[in-house]
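>>> Model the structure of this input:
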Amino acid sequence: MNRRRIAVAALALLALSGCSSEKADKAEAEPTASRADGARQAVDSYISALNARSATDLIRIGGVKDEAWSRREAAKILAAKGGRGWKVSNLDIEHDMGPNTGSAHLSATDRAGKAMTDTFTVTRDKGTWHLMVFSGQPHPPGKTPASTAQPTSSS
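Numbers count the residues shown, from 1 in each chain. Here you go, the predicted model:
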């Protein structure tokens, strides 16, 4: 009788562990799809902002403050790439830096047939995905930027 109870208990545990594993697999798959969809939407919004020559949308997608410096940088980006009727031909998004950060590899063609390829870092902040397209953000007062210069010896 004891063996029968042990066997029934073992089978019940196996069945339960199989169900919870299946649920865990689904739970893990859904956020991944959601991450890719959100990052993909951010890239699509970037292309729309370029095509519409919208500095405001570009700033929003870049996740930076709407200030004089970001307006100037948005104007430069739009002067180089804006209003050309870009269509995405290929987009690969990899969440290779964690659940809230990844890489987007974009290939697009404008209405004249000129190709553009670019790679962006995509980040999620408070549930919203952004593309790192702005590089000139000023440093907060009192903060010194990190140096990439070769260290010098003080001997």
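>>> what's the lengthiest strand in the chain packed up against?
If you go by DSSP state E, the chain has its longest strand at strand 115-125. With contacts taken as 3 or more C-beta pairs under 8 Å, 6 or more residues apart in numbering; DSSP states H and E, strand 115-125 sits against helix 2-52, strand 101-109, strand 128-131. The way it works is simple: take the backbone N, C-alpha and C, and place the C-beta from them, glycine included.
>>> Would you single out the least confident of those?
The minimum mean pLDDT among the helices and strands packed on strand 115-125 belongs to helix 2-52 (a mean of 63).
>>> Following element in sequence after that one, please.
Next along the chain after helix 2-52, taking DSSP states H and E as the criterion, comes helix 55-62.
>>> Point out the other elements, helices or strands, that that next one touches.
By 3+ C-beta pairs under 8 Å, 6+ apart, helix 55-62 packs against helix 2-52, helix 68-81, strand 128-131.
>>> mind listing what's buried in that helix?
By 16 or more other C-beta atoms under 10 Å, the buried positions in helix 55-62 come out as 55, 57-59, 61-62.
>>> Mind putting these into CSV with pLDDT and distance to residue 97?
Listed next are those as CSV, based on pLDDT from 0 to 100; distance: C-beta to C-beta, whole Å:
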residue, pLDDT, distance to residue 97
55, 97, 28
57, 97, 25
58, 96, 23
59, 97, 23
61, 96, 19
62, 95, 18
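>>> Next, the buried residues of stretch 107-119.
For stretch 107-119, burial by neighbour count (16+ other C-beta under 10 Å) applies to 108-110, 116.
>>> contact partners of that stretch?
Residues from elsewhere that reach stretch 107-119 (C-beta atoms under 8 Å, 6 or more residues apart in numbering): 47, 81, 84-91, 103-106.
>>> Could I have the PyMOL command that selects the buried members from the residues you listed?
Entered in PyMOL, the line below selects the buried ones among the contacts of stretch 107-119, by 16+ other C-beta under 10 Å:
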select buried, resi 47+81+84+86+91+104+106
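>>> Show me what the nearest residue to residue 86 once chain neighbours are set aside is bridged to.
On the basis of C-beta to C-beta, 6 or more residues apart in numbering, the spatially nearest residue to residue 86 that is not a chain neighbour turns out to be residue 108, at 4.5 Å. Beta-bridge partners recorded for residue 108 (DSSP bridges): residue 88, residue 116.
>>> let's have the chain start at 431 instead
Right, with 431 as the first residue, what we last looked at is residue 538.
>>> Alright, I will stop here.
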